[in-house]
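> Based on what follows, work out the 3D shape:
(one chain, ligands or ions: 1)
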Amino acid sequence: MAEQLDQFEIAVAQIKKAAKILNLDAGMVEILTHPKRELTVNFPVRMDDDSVRVFTGYRVQYNYSRGPCKGGVRYHPKVTLNEVRALAAWMTWKTAVVNLPFGGAKGGIIVDPKKLSRNELERLTRRYTSEISIIIGPEKDIPAPDVYTDSQTMAWMMDTYSMIKGYSVPGVVTGKPLSVGGSEGRSDATARGAMYVAKAAAKTAGIDTKKATVAVQGYGNAGSIGARLFHSDLGARVVAVSDSRGGIYLKEGIDLQKLDAHKAKSGSVINFPGSRNISNEELLTLDVDILVPAALENQITEKNASLIKAKMVVEEANGPTTPAADEILFKNGVFLLPDVLANAGGVTVSYFEWVQDIQSFFWSLEEVNQKLQRVMTTAYEGILPISKKENIDMRTAAYVYAVKKVVDAHIARGLWP
Ligand code: NAD
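Numbers count the residues shown, from 1 in each chain. All right, here's what the predicted structure looks like:
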């Protein structure tokens, strides 16, 4: 049978796997496998040539038993309600993994942002914000950047929501510029969180990070900062990186500063002087200690999982490993740090931003990073014993850990009426 890759079906299968280990009753499983609230909005936007186009957007609030919903907004031509639903479910478990007092949500607009001017993007963002303003807010649901949205998008969202309210509400979105209530450390947070988890996990995986070699698939925001931090903070040697055009390998270790200059000039990491060009498939199966998928979903599948030689996989990307591949890696003794844990640093510093906005009291970069390390290490230390006790992979253990937190909240609150 071909491997099934529908994202929401995968999300439901993961919940059911955890539910079985937790021995949950059928009613609770029903609650956990259904999104709480889904809003679809069709809204008009005036284009630069004065024509009017109607766009479709979504906001899904998957579960808010533990607090306000939290999750990004994605602009992409392939956005579907089913995808947004799956991403909202994953945010629910991710916030629970790092024990933030949040539920999970996600938003999206079906649009190719590269085809819109900056002014059109601003009008699109503002109208979408006003359409979903009935369900967002600092105590209800707090959006953040995701694919093809950024700090400018968040500034427009914050301004639009504030105009509707009649006063400034910085806590309505996170990932904002520092000038309107953003947090120090937010742009590095995902990669830094992954580095802290890898640091805590290295011993269990039998790795001395100072002697370790690293391969990073996807030298973008998360991947390039991750590569830098694995080298600067853990002493590891980054021997391979890639982007959408291909990858490079350099046994002695890549000079990342020179690589950044090369990429800025040529638009890609490939053809970096002194290195050997490799394919993305080859990068995944290199003989390295640490493999960091930081690009797209469904990269490690049942087809290539048995070829992975890394001792540890750190998922900076969301959903890079399929369920069938998870089983193969676990059987082969590859220690995998799952996305809901490894890339939760981003949402953690988003939480810090929201807390700072609400208190109107801002922290230094050192304070942010110190608190981030504590949160990431605590999550890892909570999940590892479950994996050992139940003899299950770290993803399933993370789900058990997270789902239990959500279930405990449901039980404590009871079922109304
Ligand atoms: P990005 O667009 O900055 O980087 C993605 C990189 O992947 C780019 O360098 C691109 O060239 C490369 N790429 C695209 N297709 C590829 C392919 N087939 N093979 C190899 N590389 C390819 O995006 P990002 O923000 O770094 O996000 C990357 C992943 O990390 C996504 O899965 C995202 O959901 C996840 N993530 C990011 C954050 C964050 O804060 N940036 C937080 C949580 C999760």
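
> and the residue of the stretch 151-300 of the chain found nearest the ligand, what pLDDT?
Closest contact between the stretch 151-300 of the chain and the ligand, by CB to the nearest ligand atom, is at Gly220 (1.7 Å). The C-beta positions use only the backbone N, C-alpha and C, and glycine is treated the same way. Looking at Gly220, its pLDDT is 93.

> you'd agree it is up against Pro293?
No: contact criterion CB atoms under 8 Å: Gly220 and Pro293 do not qualify, at 11.7 Å.

> of these two, who's got more company?
With neighbours defined as other CB atoms under 10 Å, Gly220 and Pro293 compare such that Pro293 has more, 27 against 15.

> and Ser183, how many residues sit next to it?
Neighbours around Ser183, by other CB under 10 Å: 24.

> Wasn't it part of a strand?
No: going by DSSP: H, G, I helix; E, B strand; the rest coil, the assignment for Ser183 is coil, not a strand.

> now it: how far from Asp357?
9 Å (CB to CB, to the nearest Å).

> quick one, phi psi at the residue of the stretch 151-300 of the chain closest to the ligand?
When quoted as degrees, to the nearest 10, the phi and psi of Gly220 stand at phi -100, psi -140.

> got the contact list for stretch 29-37?
By CB atoms under 8 Å, 6 or more residues apart in numbering, the surrounding residues in contact with stretch 29-37 are 12, 15-16, 19, 24, 60-64, 85, 88-89, 103, 135, 403, 406-407, 410.

> nope, stretch 210-217 is what I meant
202, 223-224, 226-227, 230-231, 234-242, 247, 253, 280, 283-284, 286, 288-295, 299, 310, 317, 320.

> Can you name the residues of the stretch 151-300 of the chain that neighbour the ligand?
Contacts of the stretch 151-300 of the chain with the ligand, taken as CB under 6 Å from any ligand atom, map to 190, 217-223, 242-244, 280, 294-296.

> Report the buried members of those residues.
Thr190, Gln217, Gly218, Tyr219, Asn221, Ala222, Gly223, Ser242, Asp243, Asn280, Ala294, Ala295 (16 or more other CB atoms under 10 Å).

> Please enumerate the strands of this protein.
Taking DSSP state E as the criterion, the chain carries its strands at 37-46, 52-63, 69-76, 103-110, 141-145, 213-217, 237-243, 246-249, 276-278, 290-293, 312-314, 335-337.

> what about the helices in this structure?
For the chain, the helices defined by DSSP state H occupy 7-22, 26-32, 81-97, 118-132, 151-165, 189-201, 221-232, 256-266, 280-284, 323-331, 339-342, 345-359, 365-390, 394-413.
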